[in-house]
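Engineer: This is the structure alone, sequence omitted:
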(Lines give C-alpha, C1' and ligand atoms only; values in the text may rest on other atoms or scores of the structure.)
Protein backbone atom coordinates (compact mmCIF):
# COMPACT_ATOMS: atom_id res chain seq x y z
CA UNK A 1 0.00 0.00 0.00
CA UNK A 2 2.00 2.63 -1.30
CA UNK A 3 2.62 4.67 -4.37
CA UNK A 4 4.89 6.76 -6.54
CA UNK A 5 5.82 8.06 -9.99
CA UNK A 6 8.95 7.62 -11.98
CA UNK A 7 10.32 8.02 -15.45
CA UNK A 8 13.68 6.31 -15.36
CA UNK A 9 13.74 2.88 -13.87
CA UNK A 10 12.43 3.67 -10.42
CA UNK A 11 12.76 7.45 -10.19
CA UNK A 12 9.84 9.40 -8.77
CA UNK A 13 8.84 12.90 -9.72
CA UNK A 14 6.31 14.55 -7.43
CA UNK A 15 3.78 16.31 -9.57
CA UNK A 16 1.65 17.55 -6.69
CA UNK A 17 -1.42 18.09 -8.85
CA UNK A 18 -4.79 16.55 -9.00
CA UNK A 19 -8.34 17.35 -8.14
CA UNK A 20 -8.17 14.77 -5.39
CA UNK A 21 -5.11 16.06 -3.61
CA UNK A 22 -2.67 18.89 -4.29
CA UNK A 23 0.89 18.91 -3.15
CA UNK A 24 1.27 21.09 -0.06
CA UNK A 25 3.38 24.13 -0.85
CA UNK A 26 2.91 25.91 2.47
CA UNK A 27 4.56 25.51 5.84
CA UNK A 28 3.71 21.82 5.82
CA UNK A 29 5.50 21.30 2.54
CA UNK A 30 5.93 17.69 1.56
CA UNK A 31 9.35 16.21 1.84
CA UNK A 32 11.12 16.34 -1.48
CA UNK A 33 11.91 12.79 -2.46
CA UNK A 34 15.33 14.02 -3.35
CA UNK A 35 17.47 14.44 -6.37
CA UNK A 36 16.80 10.79 -6.97
CA UNK A 37 13.19 11.71 -7.59
CA UNK A 38 13.50 14.73 -9.89
CA UNK A 39 13.41 14.45 -13.66
CA UNK A 40 16.42 15.96 -15.43
CA UNK A 41 15.01 18.34 -18.02
CA UNK A 42 18.28 20.10 -18.81
CA UNK A 43 20.06 17.15 -20.31
CA UNK A 44 19.18 14.26 -22.56
CA UNK A 45 21.54 12.04 -20.59
CA UNK A 46 19.49 9.53 -18.53
CA UNK A 47 19.97 9.80 -14.79
CA UNK A 48 21.68 6.90 -13.11
CA UNK A 49 19.54 4.84 -10.77
CA UNK A 50 20.61 4.99 -7.15
CA UNK A 51 22.43 1.93 -5.85
CA UNK A 52 19.92 1.59 -3.00
CA UNK A 53 16.15 2.16 -3.10
CA UNK A 54 16.21 4.16 0.14
CA UNK A 55 15.91 7.94 0.29
CA UNK A 56 16.32 10.30 3.24
CA UNK A 57 13.37 12.58 3.92
CA UNK A 58 14.24 16.24 3.84
CA UNK A 59 12.10 18.90 5.47
CA UNK A 60 10.07 16.16 7.13
CA UNK A 61 6.68 17.30 8.40
CA UNK A 62 5.36 16.25 11.80
CA UNK A 63 2.21 14.10 11.79
CA UNK A 64 0.02 16.90 13.17
CA UNK A 65 1.40 19.44 10.67
CA UNK A 66 0.80 17.45 7.49
CA UNK A 67 -1.88 18.78 5.19
CA UNK A 68 -5.37 17.61 6.25
CA UNK A 69 -7.00 15.36 3.67
CA UNK A 70 -10.59 15.31 4.93
CA UNK A 71 -11.79 17.68 2.21
CA UNK A 72 -10.24 15.52 -0.51
CA UNK A 73 -11.70 12.31 0.92
CA UNK A 74 -15.25 13.37 0.11
CA UNK A 75 -17.86 10.87 1.38
CA UNK A 76 -19.80 11.22 -1.88
CA UNK A 77 -16.75 10.51 -4.00
CA UNK A 78 -15.89 7.37 -2.02
CA UNK A 79 -19.54 6.24 -2.08
CA UNK A 80 -19.79 6.71 -5.85
CA UNK A 81 -16.59 4.75 -6.45
CA UNK A 82 -17.91 2.02 -4.16
CA UNK A 83 -21.22 1.88 -6.06
CA UNK A 84 -19.36 1.46 -9.35
CA UNK A 85 -17.19 -1.28 -7.86
CA UNK A 86 -20.27 -3.12 -6.56
CA UNK A 87 -21.72 -3.10 -10.07
CA UNK A 88 -18.70 -4.90 -11.55
CA UNK A 89 -19.14 -8.67 -11.85
CA UNK A 90 -16.92 -11.21 -10.17
CA UNK A 91 -18.14 -14.28 -12.02
CA UNK A 92 -19.23 -15.66 -8.61
CA UNK A 93 -15.62 -16.34 -7.55
CA UNK A 94 -14.65 -15.93 -3.89
CA UNK A 95 -11.13 -15.97 -2.47
CA UNK A 96 -10.96 -18.47 0.40
CA UNK A 97 -7.29 -18.34 1.39
CA UNK A 98 -3.69 -18.73 0.35
CA UNK A 99 -2.61 -21.52 -1.98
CA UNK A 100 -0.14 -22.60 0.68
CA UNK A 101 -3.00 -23.14 3.17
CA UNK A 102 -4.02 -26.25 1.23
CA UNK A 103 -1.54 -29.09 1.68
CA UNK A 104 -1.45 -32.57 0.20
CA UNK A 105 -2.26 -34.45 3.41
CA UNK A 106 -5.07 -32.52 5.04
CA UNK A 107 -8.36 -31.00 3.90
CA UNK A 108 -9.11 -27.33 4.45
CA UNK A 109 -12.39 -26.00 5.78
CA UNK A 110 -13.77 -22.58 4.90
CA UNK A 111 -17.09 -20.74 5.19
CA UNK A 112 -18.39 -18.25 2.61
CA UNK A 113 -21.67 -16.42 3.24
CA UNK A 114 -22.74 -19.12 5.70
CA UNK A 115 -21.91 -21.94 3.26
CA UNK A 116 -19.57 -24.63 4.56
CA UNK A 117 -16.80 -25.58 2.11
CA UNK A 118 -14.15 -28.26 2.12
CA UNK A 119 -11.07 -28.26 -0.12
CA UNK A 120 -8.35 -30.83 -0.70
CA UNK A 121 -5.68 -31.76 -3.24
CA UNK A 122 -5.53 -34.86 -5.43
CA UNK A 123 -2.40 -36.91 -6.10
CA UNK A 124 -1.26 -34.44 -8.77
CA UNK A 125 -1.68 -31.45 -6.47
CA UNK A 126 -4.86 -30.27 -8.18
CA UNK A 127 -7.45 -28.66 -5.90
CA UNK A 128 -11.00 -29.89 -5.33
CA UNK A 129 -13.83 -28.18 -3.47
CA UNK A 130 -17.39 -28.90 -2.47
CA UNK A 131 -19.93 -28.83 0.37
CA UNK A 132 -18.32 -29.29 3.77
CA UNK A 133 -20.87 -31.81 5.10
CA UNK A 134 -20.48 -35.51 4.40
CA UNK A 135 -23.43 -36.76 2.29
CA UNK A 136 -23.77 -39.77 4.60
CA UNK A 137 -24.59 -38.27 8.02
CA UNK A 138 -23.32 -34.72 7.75
CA UNK A 139 -19.90 -35.11 9.36
CA UNK A 140 -17.53 -32.14 8.94
CA UNK A 141 -15.34 -33.20 6.04
CA UNK A 142 -12.69 -30.64 7.04
CA UNK A 143 -11.82 -32.98 9.91
CA UNK A 144 -11.27 -35.92 7.59
CA UNK A 145 -8.04 -37.07 5.96
CA UNK A 146 -6.61 -37.16 2.46
CA UNK A 147 -5.12 -40.42 1.21
CA UNK A 148 -4.04 -41.06 -2.37
CA UNK A 149 -5.86 -37.92 -3.47
CA UNK A 150 -9.18 -38.97 -1.95
CA UNK A 151 -10.95 -37.19 0.90
CA UNK A 152 -11.93 -39.71 3.58
CA UNK A 153 -14.60 -38.88 6.16
CA UNK A 154 -13.42 -39.64 9.69
CA UNK A 155 -16.82 -40.80 10.91
CA UNK A 156 -17.44 -43.84 8.70
CA UNK A 157 -14.75 -43.79 6.01
CA UNK A 158 -16.82 -42.50 3.07
CA UNK A 159 -14.31 -41.44 0.40
CA UNK A 160 -14.69 -38.69 -2.20
CA UNK A 161 -12.49 -38.35 -5.27
CA UNK A 162 -13.91 -34.99 -6.40
CA UNK A 163 -16.65 -36.46 -8.61
CA UNK A 164 -20.35 -36.21 -7.72
CA UNK A 165 -21.34 -38.92 -5.23
CA UNK A 166 -24.50 -39.66 -3.21
CA UNK A 167 -25.88 -36.13 -3.57
CA UNK A 168 -22.53 -34.47 -2.97
CA UNK A 169 -21.44 -32.32 -5.96
CA UNK A 170 -18.16 -30.44 -6.41
CA UNK A 171 -17.82 -26.72 -6.95
CA UNK A 172 -15.41 -25.06 -9.38
CA UNK A 173 -12.10 -24.19 -7.73
CA UNK A 174 -9.02 -22.34 -8.98
CA UNK A 175 -5.50 -22.20 -7.58
CA UNK A 176 -3.57 -19.29 -9.13
CA UNK A 177 -0.35 -20.14 -7.28
CA UNK A 178 -0.90 -17.44 -4.64
CA UNK A 179 -4.61 -17.61 -3.77
CA UNK A 180 -7.39 -20.18 -3.75
CA UNK A 181 -10.74 -19.31 -5.32
CA UNK A 182 -14.08 -21.15 -5.18
CA UNK A 183 -17.03 -20.37 -7.46
CA UNK A 184 -20.37 -20.29 -5.68
CA UNK A 185 -23.09 -19.50 -8.20
CA UNK A 186 -25.99 -19.61 -5.75
CA UNK A 187 -24.33 -17.05 -3.50
CA UNK A 188 -22.86 -14.84 -6.21
CA UNK A 189 -26.02 -14.73 -8.30
CA UNK A 190 -24.16 -13.49 -11.40
CA UNK A 191 -23.37 -15.01 -14.75
CA UNK A 192 -20.57 -17.47 -13.93
CA UNK A 193 -17.15 -17.33 -15.56
CA UNK A 194 -14.84 -20.25 -16.20
CA UNK A 195 -12.00 -18.67 -14.22
CA UNK A 196 -11.62 -15.75 -11.82
CA UNK A 197 -10.15 -12.49 -13.09
CA UNK A 198 -6.75 -12.76 -11.41
CA UNK A 199 -4.91 -9.40 -11.40
CA UNK A 200 -1.66 -9.16 -13.34
CA UNK A 201 1.26 -9.88 -11.02
CA UNK A 202 5.05 -10.05 -11.23
CA UNK A 203 6.22 -13.37 -12.65
CA UNK A 204 6.11 -16.10 -10.03
CA UNK A 205 9.76 -17.09 -10.40
CA UNK A 206 10.84 -13.47 -9.98
CA UNK A 207 8.58 -12.45 -7.10
CA UNK A 208 8.09 -12.90 -3.39
CA UNK A 209 4.50 -13.42 -2.28
CA UNK A 210 2.92 -13.40 1.16
CA UNK A 211 -0.74 -13.69 2.15
CA UNK A 212 -2.39 -12.21 5.23
CA UNK A 213 -5.82 -13.36 6.40
CA UNK A 214 -7.91 -11.62 9.03
CA UNK A 215 -11.57 -11.08 9.84
CA UNK A 216 -13.74 -8.24 11.08
CA UNK A 217 -17.31 -7.47 12.15
CA UNK A 218 -18.38 -5.76 8.95
CA UNK A 219 -19.52 -6.41 5.40
CA UNK A 220 -17.31 -6.66 2.30
CA UNK A 221 -18.33 -3.17 1.17
CA UNK A 222 -16.80 -1.70 4.33
CA UNK A 223 -13.45 -3.29 3.54
CA UNK A 224 -13.59 -2.08 -0.05
CA UNK A 225 -14.58 1.42 1.08
CA UNK A 226 -11.53 1.52 3.33
CA UNK A 227 -9.24 0.66 0.42
CA UNK A 228 -10.95 3.22 -1.83
CA UNK A 229 -9.97 5.87 0.71
CA UNK A 230 -6.18 6.18 0.31
CA UNK A 231 -6.36 9.68 1.84
CA UNK A 232 -6.30 8.15 5.32
CA UNK A 233 -2.93 6.45 4.78
CA UNK A 234 -0.45 8.89 6.34
CA UNK A 235 -2.91 9.88 9.09
CA UNK A 236 -4.05 6.46 10.27
CA UNK A 237 -0.80 4.60 9.47
CA UNK A 238 2.04 7.07 10.18
CA UNK A 239 4.25 4.15 11.20
CA UNK A 240 4.18 2.92 7.58
CA UNK A 241 3.35 5.82 5.24
CA UNK A 242 4.48 9.44 4.97
CA UNK A 243 4.39 12.20 2.36
CA UNK A 244 1.19 10.90 0.80
CA UNK A 245 -0.55 12.79 -1.99
CA UNK A 246 -3.51 11.48 -4.00
CA UNK A 247 -3.32 12.64 -7.61
CA UNK A 248 -5.87 12.66 -10.39
CA UNK A 249 -5.98 9.23 -11.95
CA UNK A 250 -6.57 8.27 -15.57
CA UNK A 251 -10.15 7.69 -16.62
CA UNK A 252 -11.45 4.18 -16.26
CA UNK A 253 -13.01 2.13 -19.03
CA UNK A 254 -16.42 3.52 -18.09
CA UNK A 255 -15.22 7.13 -18.35
CA UNK A 256 -14.80 7.57 -14.60
CA UNK A 257 -11.62 8.28 -12.70
CA UNK A 258 -11.81 5.20 -10.49
CA UNK A 259 -8.08 4.61 -10.80
CA UNK A 260 -6.48 6.66 -8.04
CA UNK A 261 -2.81 7.54 -8.35
CA UNK A 262 -1.01 7.99 -5.05
CA UNK A 263 2.46 9.29 -4.31
CA UNK A 264 3.65 7.97 -0.97
CA UNK A 265 6.79 6.91 0.85
CA UNK A 266 7.13 3.72 2.85
CA UNK A 267 8.83 4.26 6.16
CA UNK A 268 11.85 2.04 6.76
CA UNK A 269 13.62 3.53 9.77
CA UNK A 270 14.13 7.09 10.99
CA UNK A 271 14.25 9.39 7.96
CA UNK A 272 14.86 6.49 5.55
CA UNK A 273 11.95 5.90 3.17
CA UNK A 274 11.18 4.20 -0.14
CA UNK A 275 9.11 6.53 -2.35
CA UNK A 276 6.77 5.05 -4.95
CA UNK A 277 3.71 5.86 -7.03
CA UNK A 278 0.81 3.44 -6.92
CA UNK A 279 -2.52 3.03 -8.67
CA UNK A 280 -5.61 1.85 -6.78
CA UNK A 281 -8.64 0.37 -8.51
CA UNK A 282 -11.52 -1.98 -7.73
CA UNK A 283 -12.00 -4.59 -10.48
CA UNK A 284 -15.06 -6.08 -8.79
CA UNK A 285 -17.31 -5.68 -5.78
CA UNK A 286 -15.00 -7.49 -3.33
CA UNK A 287 -11.52 -6.63 -4.59
CA UNK A 288 -9.20 -3.64 -4.53
CA UNK A 289 -5.80 -3.80 -6.22
CA UNK A 290 -2.89 -1.51 -5.46
CA UNK A 291 -0.16 -1.64 -8.10
CA UNK A 292 3.18 0.16 -7.97
CA UNK A 293 3.39 1.93 -11.32
CA UNK A 294 6.64 3.82 -10.76
CA UNK A 295 9.48 3.77 -8.30
CA UNK A 296 11.05 0.84 -6.52
CA UNK A 297 9.30 -2.44 -7.20
CA UNK A 298 7.32 -1.28 -10.22
CA UNK A 299 4.75 -3.94 -11.07
CA UNK A 300 4.40 -5.20 -7.50
CA UNK A 301 0.82 -5.56 -6.33
CA UNK A 302 -1.23 -5.70 -3.15
CA UNK A 303 -4.56 -7.47 -3.73
CA UNK A 304 -7.20 -7.04 -1.05
CA UNK A 305 -10.09 -9.51 -1.26
CA UNK A 306 -13.14 -9.22 1.01
CA UNK A 307 -15.02 -12.50 1.45
CA UNK A 308 -18.30 -12.62 3.42
CA UNK A 309 -18.32 -15.24 6.15
CA UNK A 310 -21.93 -14.84 7.28
CA UNK A 311 -25.14 -14.98 5.24
CA UNK A 312 -26.42 -11.74 3.65
CA UNK A 313 -28.57 -9.59 5.91
CA UNK A 314 -27.06 -10.84 9.18
CA UNK A 315 -27.17 -8.14 11.85
CA UNK A 316 -23.69 -9.12 13.07
CA UNK A 317 -21.84 -9.94 9.85
CA UNK A 318 -18.25 -11.06 9.60
CA UNK A 319 -15.97 -10.60 6.63
CA UNK A 320 -12.60 -12.18 5.89
CA UNK A 321 -9.83 -10.03 4.50
CA UNK A 322 -7.41 -12.02 2.35
CA UNK A 323 -4.58 -9.79 1.20
CA UNK A 324 -1.85 -10.97 -1.16
CA UNK A 325 1.36 -8.96 -1.40
CA UNK A 326 3.32 -9.94 -4.52
CA UNK A 327 6.59 -8.05 -4.68
CA UNK A 328 9.05 -7.94 -7.55
CA UNK A 329 12.09 -5.91 -8.57
CA UNK A 330 14.57 -5.82 -11.43
CA UNK A 331 17.44 -5.07 -9.07
CA UNK A 332 20.12 -7.75 -8.99
CA UNK A 333 19.96 -7.81 -5.22
CA UNK A 334 16.35 -8.99 -5.36
CA UNK A 335 17.69 -12.47 -6.14
CA UNK A 336 18.78 -12.57 -2.50
CA UNK A 337 15.31 -11.50 -1.40
CA UNK A 338 13.81 -14.43 -3.31
CA UNK A 339 16.29 -16.79 -1.69
CA UNK A 340 15.30 -15.42 1.72
CA UNK A 341 11.56 -15.59 0.95
CA UNK A 342 10.79 -18.07 3.76
CA UNK A 343 12.22 -15.54 6.22
CA UNK A 344 10.65 -12.50 4.54
CA UNK A 345 7.09 -13.81 4.36
CA UNK A 346 6.46 -13.71 8.13
CA UNK A 347 7.69 -10.10 8.20
CA UNK A 348 5.46 -9.21 5.23
CA UNK A 349 2.45 -10.79 6.93
CA UNK A 350 3.26 -9.00 10.19
CA UNK A 351 3.34 -5.65 8.38
CA UNK A 352 -0.03 -6.38 6.78
CA UNK A 353 -1.44 -7.49 10.13
CA UNK A 354 -0.42 -4.21 11.75
CA UNK A 355 -2.07 -2.18 8.98
CA UNK A 356 -5.25 -4.23 9.09
CA UNK A 357 -5.49 -3.87 12.85
CA UNK A 358 -6.29 -0.22 12.15
CA UNK A 359 -8.10 -0.72 8.84
CA UNK A 360 -10.46 -3.34 10.25
CA UNK A 361 -11.29 -0.93 13.08
CA UNK A 362 -12.13 1.62 10.34
CA UNK A 363 -14.29 -0.93 8.47
CA UNK A 364 -16.03 -2.12 11.63
CA UNK A 365 -16.78 1.44 12.70
CA UNK A 366 -18.16 2.24 9.24
CA UNK A 367 -20.47 -0.78 9.36
CA UNK A 368 -21.72 -0.02 12.89
CA UNK A 369 -22.59 3.52 11.88
CA UNK A 370 -24.35 2.33 8.70
CA UNK A 371 -26.32 -0.29 10.61
CA UNK A 372 -27.54 2.25 13.14
CA UNK A 373 -28.30 4.93 10.52
CA UNK A 374 -25.58 7.24 11.80
CA UNK A 375 -23.04 7.07 8.99
CA UNK A 376 -22.38 10.61 7.74
CA UNK A 377 -21.50 9.59 4.19
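Structural biologist: Okay, I see it. Every value quoted in this text rests on a predicted model; they were computed, and no experiment measured them. Numbers count the residues shown, from 1 in each chain.

Engineer: dump the residue contacts of residue 125.
Structural biologist: residue 104 (C-beta atoms under 8 Å, 6 or more residues apart in numbering). Every residue, glycine included, has its C-beta placed from N, CA and C.

Engineer: Check for me that it belongs to a strand.
Structural biologist: No - according to DSSP: H, G, I helix; E, B strand; the rest coil, residue 125 belongs to no strand; its state is coil.

Engineer: Could you identify the longest helix within this structure?
Structural biologist: helix 341-371 (DSSP state H).

Engineer: residue ranges of the strands in the stretch 51-200 of the chain, please?
Structural biologist: For the stretch 51-200 of the chain, applying DSSP state E, counting those that start in this stretch gives strands covering 55-56, 93-98, 108-112, 115-121, 127-131, 145-147, 150-152, 159-160, 173-175, 179-183.

Engineer: want to try JSON lines for the ones you listed, with distance to residue 189, mean pLDDT and mean neighbour count as columns?
Structural biologist: JSON lines is the format used below for the strands of the stretch 51-200 of the chain (distance: least, C-beta to C-beta, whole Å; pLDDT from 0 to 100; neighbours: other C-beta atoms under 10 Å):
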{"stretch": "strand 55-56", "distance to residue 189": "48", "mean pLDDT": "91", "mean neighbour count": "18"}
{"stretch": "strand 93-98", "distance to residue 189": "12", "mean pLDDT": "98", "mean neighbour count": "25"}
{"stretch": "strand 108-112", "distance to residue 189": "13", "mean pLDDT": "98", "mean neighbour count": "19"}
{"stretch": "strand 115-121", "distance to residue 189": "13", "mean pLDDT": "98", "mean neighbour count": "22"}
{"stretch": "strand 127-131", "distance to residue 189": "18", "mean pLDDT": "98", "mean neighbour count": "21"}
{"stretch": "strand 145-147", "distance to residue 189": "32", "mean pLDDT": "98", "mean neighbour count": "16"}
{"stretch": "strand 150-152", "distance to residue 189": "28", "mean pLDDT": "98", "mean neighbour count": "20"}
{"stretch": "strand 159-160", "distance to residue 189": "27", "mean pLDDT": "98", "mean neighbour count": "19"}
{"stretch": "strand 173-175", "distance to residue 189": "19", "mean pLDDT": "98", "mean neighbour count": "18"}
{"stretch": "strand 179-183", "distance to residue 189": "12", "mean pLDDT": "98", "mean neighbour count": "24"}
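
Engineer: and those as TSV, adding distance to residue 204?
Structural biologist: Shown next, in TSV, are the strands of the stretch 51-200 of the chain (distance: least, C-beta to C-beta, whole Å):
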stretch	distance to residue 204
strand 55-56	29
strand 93-98	14
strand 108-112	21
strand 115-121	18
strand 127-131	17
strand 145-147	25
strand 150-152	27
strand 159-160	30
strand 173-175	12
strand 179-183	12
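
Engineer: low-scoring pLDDT stretches of the stretch 51-200 of the chain, where are they?
Structural biologist: 51 (pLDDT under 70).

Engineer: ok, now which ones touch the residue lying farthest from the centre of the chain?
Structural biologist: Distance from the C-alpha centroid of the chain, by C-alpha atoms, centre = their mean, peaks at residue 156 (40.6 Å). Going by C-beta under 8 Å, 6+ apart, residue 156 touches 136-137, 139.

Engineer: Ok, which of the strands of the stretch 51-200 of the chain comes nearest residue 287?
Structural biologist: For those, proximity to residue 287 was assessed by C-beta to C-beta; strand 93-98 is nearest, at 8.0 Å.

Engineer: Report the angle between the closest one and strand 108-112.
Structural biologist: Calculated by axes from the mean of the first three to the mean of the last three C-alpha atoms, to 10 degrees, strand 93-98 forms an angle of 140 degrees with strand 108-112.

Engineer: Give me the contacts around strand 93-98.
Structural biologist: Strand 93-98 is contacted by residues 108, 110, 112, 117, 119, 174, 178-184, 187-188, 193, 195-197, 211, 213, 286, 305, 307, 322, 324 when judged by C-beta under 8 Å, 6+ apart.

Engineer: hmm, try it at 6 Å
Structural biologist: 110, 112, 179-184, 196, 211, 305, 307, 322 (C-beta atoms under 6 Å, 6 or more residues apart in numbering).
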